[in-house]
Structures are given as C-alpha cells and as structure tokens.
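[1] One predicted model, sequence on top.
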Number of protein chains: 2
Amino acid sequence: MFTIGAFSALTGVSAKRLRHYDGAGLFQPVWVDPTTRYRYYSATQIPDLRRIVSLVNLGIPLQRIQNLRSDGRSLTRELERRRSELERERLALDHRLAELEIRLERSGELDVVVRGRPPGRWASLRAEVPAGADLAPLFVEVEAHVQRHDARASAPPVCIVHGAKRGNRSIELLIPIDRALPATERIAVVTTPAAAVASSLVVGTYDHLTRVSANLRAWARRTGRRVSGPPWYVYLRFGADEELQLPAQYLTDDETEVVTEVLVEVQPAG
Amino acid sequence: MFTIGAFSALTGVSAKRLRHYDGAGLFQPVWVDPTTRYRYYSATQIPDLRRIVSLVNLGIPLQRIQNLRSDGRSLTRELERRRSELERERLALDHRLAELEIRLERSGELDVVVRGRPPGRWASLRAEVPAGADLAPLFVEVEAHVQRHDARASAPPVCIVHGAKRGNRSIELLIPIDRALPATERIAVVTTPAAAVASSLVVGTYDHLTRVSANLRAWARRTGRRVSGPPWYVYLRFGADEELQLPAQYLTDDETEVVTEVLVEVQPAG
DNA sequence: GTGAACCTTCCCACGATGGGAAGGTCAAGC
DNA sequence: GCTTGACCTTCCCATCGTGGGAAGGTTCAC
C-alpha cells in the first residue's frame, strides 16, 4: 500500500491528478482511512491507472473514459470516435497552417475570415449589365419597392455576380426585407439558407472587387476548402442617392470610407 | 453608429465576444454613452475588427494580439511564432493519431504511456550474464551494500539491458539511493538525468520482457518518436529474497501480481 | 516532543466563449 | 404619454484538465 505521494512517484501521475480522478469516480484508492481520509493505493492498481492515463493522453475526456468501464466493444467505439475527432482537428489545423503561410507570404496584409452567414430573406432583381455600369439606379428601383411596402430590414444590400461574359455581367441585387412582399415582374422575393462563408474586406473604391473575389477563391482552395456558388458583394458602407431614405448608418460621403465585403460560400466541414 | 447587436449582425461577431474584447482592451466601441453605458460602434471599425478576428481564428491568444498594436514587424514575428506552435501541435496530433491506430489494430489492448522520468541517483552493478539467468543474487548484493549504508530510497529497482550477444546479456542493475554512498570495485554510483520515456507495463512473469521492449521501440518509431538508449526494466512489484529487508510495498508472493514496467527513452519534442 | 515532510479539503487560475439572471433603456404603436 | 417587447447593461457561472497555494491535520524519525 502506497500513500498518494509514493504512488504518484511510482506511476508518474501527479497527486493532484490522482485526487482529481478519485473525485471524478474514475480511479479510486483501494482504501481510504476513514478517520484521516488519507488515500492508499496498491501496486495492483497500476495497470488500471495506466489504461486510464493512456486514454487521457489520446485526449479522450475523463467523463467518456469513465463511461467505458471494462467493455471491450465500447472501448473500440470510443477509440474510433476519438479518431474521427482527431482527423477533424487535423483538418482544421492544416487549414490554419495554410492560412498562416498565405499571410506570411503577404507580410500579414490579408485578412480572410471564415464565418457563418445567417439565413436571409431578400427582394431580388436580376439583370444583365455592362462591366463597370453604375448599379445605383437598379438598387434604387428595388429599395423603392421594398420601402413602399415598409419591409426594409436593417442589413446592408448585396450584389451577386452570377456570371461574366464578353464584357457583360449577369448580376443579382438583393435588398434585405423583414416581412412578406409582393413580387413584381422584375423583382422577386428569395431566401438564402445559412452557410459558411469565406470573407474578405475591401476599403475604398470598387476598382478591384473582381480581383479580390478571385483572391478569395484561391485562398479557400489553398486552405483546403471547397468553394460553391458565385461571389457576394456586401455593401457595408457606401455612397447612395439622396432621394432614398436609406438607413444612415450604411452611408458615407467620404470615398475612402466605403467598405465592401466579398463573400464566397465554402463547404463547412471540408 | 451601430448598437452592439446591429454591429454583431453586421460582422458576424457575437455581442458576447464584442463585450469581451472591449473588456480586454482589445477592441473598443467608438463611443460609450456615459449614462446608459451602451456601446456604439462605427462601420469604420470593421476592418480593425476583421484583423483581430482573423488573428483569433489562427488561434493566437487575445493577449498576444493586443500586444501587437499596429507594428508590422511584430505581426510577422507573431505569425511565425504561431506557425511553429501549430507545427508542434500537428506533430503531437499525428503522434496521437498513430497511437490510436495502433490501439485499434490491437483491439485497444496496448497501453503505452509517454511521460517524464525524474532524475535519479543509483547504486549500479554491471555484469555479463547468460540469458534467463536469475538476477536475484546480484540484486541482493547491491541491496545489501545500499542498506549497509542506510541509503535506500523508496523507489523500485531497475535492470538495464545494455546488449545481448550469443545468449549473453550485458546488464546493469540499479538500486535507488537517497544519499551519497562509497563505491566499491563492483558497485558504482550513477545518476540519470530527467528524460521523456515511453513506457509499457507487464503483469505476470518475465517471459516476454524482450518482446515487450521490441514492441515498445516499434511503437515509438511508428508514432514518430526517436528512441535512444537501452530499455529499462523497472520492477514495480516482484518476489524477493526474504533475507533482505526490502520495502514490503514492492513485494508480492503471488506470481500473477508481479508488475514490471518497460521504459525506452524518447526524444521529447520529436 | 518537536520539526519536517507528508496528507487533507477548499478555493482560485488558466482561455475564449456562451448561458442566464436581474435590471435599465429605447423605440414603436396605441 | 404609456405600455410593450426588444434590446442593452453588469455580474456570476460553466466549460476542461491541471496546477498553485492556503490552512490545517497526520506521520515518522530524531
């Protein structure tokens, strides 16, 4: 019989851990002196403890180790569960390392964030326009329709570029709405599901948006993610027509304060 | 100006996090109403927040992000530091995955633990013996010497197998001591430094110790570790000569209760 | 008997985040 | 102007495994 300190020296497991495992009901001393509460361990417990320590070292939570309790099949199941967890972790870790490499190449100047995009409901206008065309009149058209029905949600407008051919762009303008809205010939009502997106921010004018979205796609590929769907351009802060009563918080008069977010949808797990 | 909720919706960063970053001095609202303490954020802060979020997503602690404070060189240094951390994590993760695979192959029956071995001081006897020879008389010799000088430390004895040739073993017996001891012609005093060891446990007789240490070496190699030095056999619980007054806690009469630990030294980082 | 070395329990800390309670504020509709 | 509901505030607690440390009891050897 060993006191906790001797047993700790024997097994390399700290006395703190042994007390913790005792308290958690995971590994208990063979005998506890009822008057002094001293814990006493036996050498025959060493294999038990080792089994526990080796599972802890695999990163399995104590709770789950305790639930095993000498059942060979459940041990295998637990190990396989842990393996899939570790494989997911390694994927995430590889993403991070790839992101880091990209940032280091660019002297830390690239900020790409992967995050969730909440589901949304929108008034939508699709159009074919020449590259570089002013989209303001089209936005005004949708805004006017939405505000006529008092359905403007407090979120920024979006432009999706579905395709580009021979100097023409197939675009879709989205204005967020917070209630039902009649569709018209030109304006539809669409909903978008929640999604994971990789996002990059552009401060200033719109000259390089296309290049930014190409960079974003390349970034996502290099960090091992799959991209799906066309890029979204989210107008977080922009200059707009005075005629419309837009939420002032999204507006700016200073061209250098224009902020646009570029999003591409990525597969959440991969 | 946005309230915390609106800014949260805009950036995808939860209000909880924004408050936390505020409290940590990492990212603060442009204005706080002094009477209501409401936080108000501006769209011009979005790039700042994004920079922070992208660094957080790389797993850099908030504290360290805060220490950067708009210094391009320190950012690069921080990213490189984080990269080396991540590379170390990936190494550890790959070790774990390899360990898991091995356990799954063997239906979870192998318990190998990597842990630290504290430094030690020992009375040491080296000898050439035939394979399978009874080591008890040699142990008794060293024990007797140690106990004559009242230097017995409360730890189990060890046998190191330095080499095996033509059915002969070059072994070294170690008895732990806790004070200085005169050496003799046969018995030396040695110290061993702290080391990382991979360890496996054998319950029962000594028939398979050699195979266990070979398994241990193979395990260490397969999990990407480098092995150095000969195997140690630590007699955690054994049957011994009655003549000697050995610490009773290491003794047993029941052969099935014999417990031996096999150690090989591994390189800590790799 | 006294001191050193051990043991006990209890509380706190880490790190980033979320949950939830109790209470104050804002804005819209009446 | 009042009510109501959505929003905001601060504060406390939880995670998870481990260690640090305080305050106090036990053991053992001199």
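    That came through fine.
[2] which stretches of the stretch 151-270 of chain A form strands?
    Ranges of strands in the stretch 151-270 of chain A, per DSSP state E, counting those that start in this stretch, are A:158-165, A:168-176, A:187-192, A:195-203, A:227-237, A:259-266.
[3] The one residue in the stretch 1-150 of chain A that gets nearest to DNA strand C: neighbour count?
    Among all residues of the stretch 1-150 of chain A, residue A:5 sits closest to DNA strand C, at 2.4 Å; criterion: Cβ to the nearest atom of the strand. For the C-beta atoms, the positions are set from N, CA and C on the backbone; glycine is no exception. Using other Cβ atoms under 10 Å in any protein chain shown, residue A:5 is surrounded by 12 other residues.
[4] Show me the shaky parts of chain A.
    Of all residues in chain A, those with pLDDT under 70 make up the ranges A:69, A:107-110, A:239-256, A:268-270.
[5] who in it is up against DNA strand D?
    By Cβ under 7 Å from any atom of the strand, the part of chain A that sits against DNA strand D consists of A:14, A:16, A:17, A:20, A:33, A:35, A:36, A:38, A:56, A:61, A:62, A:63.
[6] what sits against the nearest residue to the fifth one once chain neighbours are set aside?
    Just to be clear, that refers to residue A:33. Spatial nearest neighbour of residue A:33, chain neighbours left out: residue A:40 (7.1 Å); criterion: Cβ to Cβ, 6 or more residues apart in numbering or on different chains. The contact partners of residue A:40, taken as Cβ atoms under 8 Å, 6 or more residues apart in numbering or on different chains, are A:1, A:2, A:3, A:29, A:30, A:31, A:32, A:33.
[7] Now do residue A:40 against chain B, distance only.
    Computed with Cβ to the nearest Cβ, to the nearest Å, the distance linking residue A:40 and chain B is 10 Å.
[8] Ok, residue A:187 next?
    Spatial separation of residue A:187 from chain B under the definition Cβ to the nearest Cβ is 24 Å.
[9] Repeat that for residue A:46.
    For residue A:46, the distance to chain B under the criterion Cβ to the nearest Cβ works out to 6 Å.
[10] pretty sure that residue is in a helix, no?
    Yes - in this structure, residue A:46 lies within a helix as judged by DSSP: H, G, I helix; E, B strand; the rest coil.
[11] In chain A, what residue spans correspond to helices?
    Listed in chain order, the helices of chain A (DSSP state H) span A:4-11, A:15-23, A:46-57, A:62-68, A:72-105, A:136-148, A:209-222.
[12] Next, the angle from the third one to helix A:72-105.
    Helix A:46-57 and helix A:72-105 meet at an angle of 40 degrees, taking axes from the mean of the first three to the mean of the last three Cα atoms, to 10 degrees as the criterion.
[13] got the buried residues for helix A:46-57?
    Along helix A:46-57, the positions that meet the burial threshold by neighbour count (16 or more other Cβ atoms under 10 Å in any protein chain shown) are A:46, A:49, A:50, A:51, A:52, A:53, A:54, A:55, A:56, A:57.
[14] my read: the first one touches residue B:257, true?
    No - between residue A:46 and residue B:257 no contact is recorded; they are 10.4 Å apart, counting by Cβ atoms under 8 Å.
[15] okay, and the common contacts of the two?
    The overlap between the contact sets of residue A:46 and residue B:257 (Cβ under 8 Å, 6+ apart) consists of residue B:237.
[16] what separates the closest residue to DNA strand D within chain A from residue A:35, distance-wise?
    Using Cβ to the nearest atom of the strand, the closest approach of chain A to DNA strand D is made by residue A:61 at 3.3 Å. Here residue A:61 is placed at a distance of 34 Å from residue A:35 (Cβ to Cβ, to the nearest Å).
[17] Among those two, which residue is more densely surrounded?
    The neighbour count for residue A:61 versus residue A:35, taken as other Cβ under 10 Å, is higher for residue A:61 (11 against 6).
[18] Residue nearest the middle of chain A, spatially speaking?
    Within chain A, one residue has its C-alpha closest to the average C-alpha position: by Cα atoms, centre = their mean, that is residue A:115, at 3.4 Å.
[19] dump the residue contacts of that residue.
    Applying Cβ under 8 Å, 6+ apart, one finds that residue A:115 lies in contact with A:196, A:197, A:199, B:12, B:53.
[20] what about 10 Å?
    Each residue near residue A:115 by Cβ atoms under 10 Å, 6 or more residues apart in numbering or on different chains is listed here: A:196, A:197, A:198, A:199, A:263, B:11, B:12, B:13, B:53, B:57.
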